[in-house]
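Asks: Got a predicted model here, sequence first, then my questions.
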Protein chains: 2
Amino acid sequence: METAEYAVTFADVQQAAERTAGLLRRTPVLPVCGIPGCADLQLSLKCENLQFGSAFKARGATNAVMSLSEQQATCGVVTHSSGNHAAALGRAALQRGIAAHIVMPRNSAGVKLQAVRQLGIQPILCEPTAAAREAAAIEVQQRTGAVLIHPFNDVRVIAGQGTAALEILQQAPEVQDLIVPVGGGGLLAGTLLAVRALRPDVRVFGAEPAWADDARRSLQSGRIEPALRTDSIADGLRTPLGTLTFPIIRGLVNEILCADEQQIVAATGHLAAHGRLISEPSGAVPLAVLQQHADIFRGRRVVLLISGGNLDDPSLIAPALTADVQSP
Amino acid sequence: METAEYAVTFADVQQAAERTAGLLRRTPVLPVCGIPGCADLQLSLKCENLQFGSAFKARGATNAVMSLSEQQATCGVVTHSSGNHAAALGRAALQRGIAAHIVMPRNSAGVKLQAVRQLGIQPILCEPTAAAREAAAIEVQQRTGAVLIHPFNDVRVIAGQGTAALEILQQAPEVQDLIVPVGGGGLLAGTLLAVRALRPDVRVFGAEPAWADDARRSLQSGRIEPALRTDSIADGLRTPLGTLTFPIIRGLVNEILCADEQQIVAATGHLAAHGRLISEPSGAVPLAVLQQHADIFRGRRVVLLISGGNLDDPSLIAPALTADVQSP
């Protein structure tokens, strides 16, 4: 599978790794045992919930901000995001010493609004529709001259997200299968560029909620399909693919696998009980997919990318911690 | 400060590291930001809550079991423990393929009893007194010929616990201060042997609950003082020092610092909110000590040893996850 035909290349991922060295955490890859449904395989977790801002989003945002020329950077950056990209971009802008304008839907999770406010940035609130978000961001862009950094449909962001996979291949060279969550597709696209260039033998699977199976449907139909519902508990994965991420994923992914809501909740608890890790539901979707498609992974060495830890409903992990379960 | 005069030496710690290589996790040292009361210092966490069995106890138990000669190992091992040493010894024995007899008080935490049972080992229950525990262990020892592996007052165990500090010095060579929980003193003693030999400039503090301040009192009086109460929420740290650990700690530690119960609970929540890590209260005592004695650590590069993650009361972290706090 050739990767040179895409808008983002493996060289972009390599440059992102060099550019962000020292600005990001090299998160650990932890082996884990005893998780239900995973007895017949070797399982490790790439812990991006332990990344700065508790999410992989720091990677793409930092690469994007540090990619800007002095002149581009003068007027700051702008984005729209209901999720972890918001605080990630704010943090990267602070690191560079430039302004960040963050448009967020009014109904964003309190923990995500607060993460932006605690950086000293007042989010610009808008109505919770894609149109209102984009309109608000464009208005800010025109008024301030800030550079738009899209949460996923951006070459610099996709390249930055791919740096997690570079680390996985160094930290766990024995990996055979990699399962990565897919929302807008920035993380999966960056991962695919890195893995296909360095280790074409490694299988890469996208993981999404069955209630947000737009990526799976998009690969079937050959065009970007919209989300049909927006109520999956994995709030980070409700977004459709982007025009930059879709071709990369279509060309390079092994398969998109889906998990039920109930399995996502269970997997969030399993990560707490057996891994002592706090994951948000989106971050647990790769585990849920593994548990629900166990046949595909039997006897394999599997790494799951735990994409974020911004859990705001502790009742999702409390039962797992009190149940009679074994720690790793 | 010379270390050669003690029953355990730095060479024992080095040998433990060689003996257990590949059998234990090299747990990550994670930088963490935004924790209340820690603004004026650089803070990192040595995550032994991510060790096998979710506790550093795997280190000492594995070293002890792997130290046995073939002849010694024939009849298995025995211990008494209400805590993480129980499952740690069971796991190490399974790895070597020998029997483990685990005496546990009837009132041990459910999560710790269950951790032993899930290894396929039926704990031998006894009354919850020190005398009953020791009597039961001696009875098993005499009946089976098993080797007693004490939870902390054992040369092999102390040496094994010191391997965490060896890793810290490699992973975070910039460390200036190290804060380690102290119960029976195995972890602190092993840490001191490693740090004094390699980095005598690093300050090492023992951290214990004010309600279990026997180590502090023992250093003052010059003899092993008993616990005066047994109700600290940090259940892993209620134990008095041992005859092997006390001289090492007295000779080599900078200071024993205490934390209030309320601060220990708060620190457990802070680790969940800002570190996305599940720690048991005992594992959060170093953070509580840091917060309560901030003057001592101002401007320093501090590593806290988070000793265990076997939290069985999720209500200790739930409020911190829902409060308006910033992730790292």
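Replies: Arrived safely, thanks for sending. Keep in mind it's a predicted model, so treat the numbers as computed, not measured.
Asks: Output the contacting helices and strands for the helix or strand of chain A with the lowest mean pLDDT.
Replies: When each helix and strand of chain A is scored by mean pLDDT, DSSP states H and E, helix A:318-322 comes last, with a mean of 84. Identification of packing neighbours for helix A:318-322 by 3 or more CB pairs under 8 Å, 6 or more residues apart in numbering or on different chains; DSSP states H and E yields helix A:261-275. Every C-beta, even on glycine, is put in place using the N, C-alpha and C of the backbone.
Asks: CA atoms only for the helix it packs on, dumped as CSV, please.
Replies: What follows is helix A:261-275 as a C-alpha-only set of coordinates in CSV (Å, rounded to 0.1, in the frame of the first residue of the first chain):
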residue,chain,number,x,y,z
GLU,A,261,-22.9,1.0,23.9
GLN,A,262,-23.1,-1.6,26.6
GLN,A,263,-19.7,-3.0,25.7
ILE,A,264,-18.2,0.5,25.7
VAL,A,265,-19.4,1.1,29.2
ALA,A,266,-18.1,-2.3,30.4
ALA,A,267,-14.7,-1.7,28.7
THR,A,268,-14.4,1.7,30.5
GLY,A,269,-14.9,-0.2,33.8
HIS,A,270,-12.4,-2.9,32.8
LEU,A,271,-9.7,-0.3,32.2
ALA,A,272,-10.3,1.1,35.7
ALA,A,273,-10.5,-2.3,37.4
HIS,A,274,-7.6,-4.1,35.6
GLY,A,275,-5.4,-1.3,34.4
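Asks: list the buried ones in it?
Replies: A:261, A:263-275 (16 or more other CB atoms under 10 Å in any protein chain shown).
Asks: Check stretch A:309-326 too.
Replies: A:309-311, A:313-314, A:316-318, A:320-322, A:325-326.
Asks: now do stretch A:134-152
Replies: Quick answer for stretch A:134-152 (16+ other CB under 10 Å): A:136, A:137, A:140, A:141, A:146, A:147, A:148, A:149, A:150, A:151, A:152.
Asks: residues in contact with that stretch?
Replies: The contact list for stretch A:134-152 (CB atoms under 8 Å, 6 or more residues apart in numbering or on different chains) reads A:57, A:60-61, A:64-65, A:68, A:72-81, A:83, A:85, A:89, A:99, A:101, A:103, A:124, A:126, A:156-158, A:161, A:183-187, A:239, A:242, A:245.
Asks: ok, of those residues, which come out buried?
Replies: Judged by 16+ other CB under 10 Å, buried ones among the contacts of stretch A:134-152: A:57, A:60-61, A:64-65, A:68, A:73, A:75-81, A:83, A:85, A:89, A:99, A:101, A:103, A:126, A:156-158, A:161, A:183-187, A:239, A:242, A:245.
Asks: so of these, which ones are in helices?
Replies: A:57, A:60-61, A:64-65, A:73, A:85, A:89, A:156-158, A:161, A:186-187, A:245 (DSSP state H).
Asks: out of those, who's near chain B?
Replies: Among those, proximity to chain B is found for none (CB under 8 Å from any CB of the partner chain).
Asks: and residue A:239, what is it in contact with?
Replies: By CB under 8 Å, 6+ apart, the neighbours of residue A:239 are A:151, A:152, A:183, A:184, A:227.
Asks: tell me the pLDDT at it?
Replies: The score at residue A:239 is 89. That number is its pLDDT.
Asks: Quick check on it: phi, psi?
Replies: The phi/psi pair for residue A:239 (degrees, to the nearest 10) reads phi -80, psi 140.
Asks: As JSON lines, the buried residues of stretch A:309-326 with distance to residue B:22 would be great.
Replies: Output for the buried residues of stretch A:309-326, formatted as JSON lines (distance: CB to CB, whole Å):
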{"residue": "A:309", "distance to residue B:22": "29"}
{"residue": "A:310", "distance to residue B:22": "34"}
{"residue": "A:311", "distance to residue B:22": "33"}
{"residue": "A:313", "distance to residue B:22": "38"}
{"residue": "A:314", "distance to residue B:22": "36"}
{"residue": "A:316", "distance to residue B:22": "35"}
{"residue": "A:317", "distance to residue B:22": "31"}
{"residue": "A:318", "distance to residue B:22": "35"}
{"residue": "A:320", "distance to residue B:22": "29"}
{"residue": "A:321", "distance to residue B:22": "30"}
{"residue": "A:322", "distance to residue B:22": "33"}
{"residue": "A:325", "distance to residue B:22": "26"}
{"residue": "A:326", "distance to residue B:22": "22"}
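Asks: Of the residues you listed, which pair is most distant in space?
Replies: A:310 and A:326 (26.7 Å; CB to CB).
Asks: Report the separation between the residue of the stretch 151-300 of chain A found nearest chain B and residue B:317.
Replies: Proximity of the stretch 151-300 of chain A to chain B (CB to the nearest CB) peaks at residue A:276, 3.7 Å away. Residue A:276 sits 11 Å away from residue B:317, going by CB to CB, to the nearest Å.
Asks: just residue A:112 next, same as before
Replies: As judged by CB to CB, residue A:112 and residue B:317 stand 19 Å apart.
Asks: quick one, domains of chain A?
Replies: Chain A is divided into the following domains under automatic domain parsing: A:10-55+A:156-322, A:58-153.
Asks: out of these, deepest packed?
Replies: Of all these, domain A:10-55+A:156-322 has the most neighbours on average by mean count of other CB atoms under 10 Å in any protein chain shown, namely a mean of 22.
Asks: Does residue A:248 fall in a helix, a strand, or a coil region?
Replies: helix (DSSP: H, G, I helix; E, B strand; the rest coil).
Asks: ok, residue A:164 touching residue A:59?
Replies: Yes. With contacts counted by CB atoms under 8 Å, residue A:164 reaches residue A:59, the gap being 6.2 Å.
Asks: what about the strands in chain A?
Replies: Along chain A, counting by DSSP state E, strands occupy A:29-32, A:42-47, A:77-80, A:100-105, A:124-126, A:147-148, A:177-181, A:203-209, A:255-259, A:301-306.
Asks: can you redo those strands as CSV with mean pLDDT and distance to residue B:221?
Replies: Formatted as CSV, these follow (pLDDT from 0 to 100; distance: least, CB to CB, whole Å):
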stretch, mean pLDDT, distance to residue B:221
strand A:29-32, 91, 42
strand A:42-47, 97, 44
strand A:77-80, 96, 61
strand A:100-105, 96, 57
strand A:124-126, 96, 61
strand A:147-148, 96, 66
strand A:177-181, 98, 57
strand A:203-209, 98, 59
strand A:255-259, 98, 59
strand A:301-306, 98, 48
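Asks: any chance of those strands in TSV, plus distance to residue A:16?
Replies: Formatted as TSV, the strands of chain A follow (distance: least, CB to CB, whole Å):
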stretch	distance to residue A:16
strand A:29-32	19
strand A:42-47	17
strand A:77-80	16
strand A:100-105	19
strand A:124-126	28
strand A:147-148	17
strand A:177-181	16
strand A:203-209	18
strand A:255-259	24
strand A:301-306	16
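Asks: how about low-confidence regions in chain A?
Replies: A:1-4, A:323-328 (pLDDT under 70).
Asks: now do 50
Replies: A:1, A:324-328 (pLDDT under 50).
Asks: gap between the closest residue to residue A:319 other than its chain neighbours and residue A:36?
Replies: Spatially, and ignoring its direct neighbours in sequence, residue A:319 is nearest to residue A:269 (6.3 Å; CB to CB, 6 or more residues apart in numbering or on different chains). For residue A:269, the distance to residue A:36 (CB to CB) stands at 10 Å.
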